[in-house]
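**Student:** show me the folded form of this:
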Amino acid sequence: MAETRLLTDHQDIRDWAAGRSGYPAIRDTSELIGNDVPVLSIQFGQHAYEDNDDQGADRPGDLGRPRLVEWDEWFAVFDAEGLGLVVAEDVPGQRDDFHEIIRR
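**Tutor:** Numbering: from 1, shown residues only. From the prediction side, this is the model:
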């Protein structure tokens, strides 16, 4: 595996995500697992804009899908939970979107 680094600075995280067309997202888990702490993620490209058709009686409201949010909302959870973003070290000529959100 490539070398990694830990990002905690908000602007560094925004810059890293923007360089890979990443968007902040939150998955509300209270209905799924009974936990009231949302799960953070970064969605990339078309995955950020998947069909959100939740119409019909057979489709629960969100099915635990991530919802795109503003960075301020994302960072509020990030800071409150003491999280960090582990990313691959930049390699010239490559845009690796490997990332993992961990507790600091």
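
**Student:** Phe44: neighbour count?
**Tutor:** 14 (other CB atoms under 10 Å). Where you see a C-beta, it was placed from the backbone N, CA and C, and this is true even at glycine.

**Student:** correct me, but it touches Gly19?
**Tutor:** No. Applying CB atoms under 8 Å, one finds Phe44 not in contact with Gly19, separated by 11.0 Å.

**Student:** and the pLDDT for the spatially most central residue of the chain?
**Tutor:** Central residue of the chain (CA atoms, centre = their mean): Ser41, 1.6 Å from the mean position. Looking at Ser41, its pLDDT is 94.

**Student:** equivalent analysis for the one 5 residues further on, please.
**Tutor:** Reading off the per-residue confidence, Gln46 sits at a pLDDT of 63.

**Student:** and the strands in this protein?
**Tutor:** Ranges of strands in the chain, per DSSP state E, are 4-7, 22-27, 39-44, 67-68, 83-88, 99-103.

**Student:** of all these, which lies closest to Val77?
**Tutor:** strand 39-44 (5.8 Å; CB to CB).

**Student:** mind checking how far that closest one is from the chain centre?
**Tutor:** How far strand 39-44 lies from its chain's middle: 2 Å, per CA atoms, centre = their mean, to the nearest Å.

**Student:** and that strand, what does it pack against?
**Tutor:** Judged by 3 or more CB pairs under 8 Å, 6 or more residues apart in numbering; DSSP states H and E, strand 39-44 is in contact with strand 22-27, helix 71-80, strand 99-103.

**Student:** quickly compare the ones you listed and say which is most buried.
**Tutor:** With neighbours taken as mean count of other CB atoms under 10 Å, these reach their highest mean count in strand 22-27, at a mean of 19.

**Student:** partner strands of it, parallel or antiparallel?
**Tutor:** strand 39-44 (antiparallel), strand 67-68 (antiparallel) (DSSP bridges).
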